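> Let me see the structure of the following:
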Amino acid sequence: MEILNVKVRDGTKAKLRQLNRNVSALVREQIDSLLEREATGGLHDRVSHLCGVIKGGPKNAATSKEYLKQYGPKRAA
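Sure, this is the predicted structure:
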């Protein structure tokens, strides 16, 4: 097991002890939880519940050249 030192605001340790928990165990659990969440997929997995929530727009707005023409002429790079 590795040792990790963490600085926290004054009073944090007392507040954690009020939870009647072992502070070290609590911190380990939260770090493990964070690492598991980060390792379980990419951005699409985290935001897939948002796909299709906006109704009414054209389905090909990002790729339709006709749709994009209304936003102005293409500028030279």
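
> going forward, measure contacts and count neighbours with C-alpha atoms only.
Fine.

> Would you mind listing where this protein has pLDDT under the threshold?
Along the chain, the parts satisfying pLDDT under 70 run over 39-40, 58, 61, 74, 76-77.

> Could you check how far the residue nearest the centre of it is from Leu26?
The chain has Arg46 as the residue nearest its centroid, 7.2 Å off, counting by CA atoms, centre = their mean. Arg46 is 25 Å from Leu26, where distance means CA to CA, to the nearest Å.

> any residues touching the longest helix along the chain, and which ones?
Across the chain, the longest stretch assigned as helix under DSSP state H is helix 23-39. Helix 23-39 has contacts (CA atoms under 8 Å, 6 or more residues apart in numbering) with Lys13, Leu16, Arg17.

> re the thing from before, in three-state terms, how would the residue nearest to the centre of the chain be classified?
Put simply, Arg46 is helix when judged by DSSP: H, G, I helix; E, B strand; the rest coil.

> could you measure it against Glu29, distance?
Arg46 is 21 Å from Glu29, by CA to CA.

> Report the separation between the residue nearest to the centre of the chain and Pro73.
36 Å.

> likewise Leu26?
Per CA to CA, Leu26 is found 57 Å from Pro73.

> Tell me which of these two has more neighbours.
Just comparing Leu26 and Pro73: by other CA atoms under 10 Å the higher neighbour count belongs to Leu26, 14 against 8.

> contacting residues around Ile54?
If you count contacts by CA under 8 Å, 6+ apart, Ile54 has none.

> any idea whether it is helix, strand or coil?
Ile54 ends up coil, using three-state DSSP.

> what does the one 5 residues further on give?
The three-state label given to Lys59 by three-state DSSP is coil.

> what do you get for the one 4 residues further on?
Applying three-state DSSP to Thr63 yields a three-state assignment of coil.

> Under a three-state scheme, what state does Leu4 occupy?
Recorded secondary structure, Leu4: coil (three-state DSSP).

> Next, work out how far apart it and Tyr67 are.
Distance of Leu4 to Tyr67, computed by CA to CA: 54 Å.

> do Lys59 as well
Lys59 is 11 Å from Tyr67, where distance means CA to CA.

> Thank you, goodbye.
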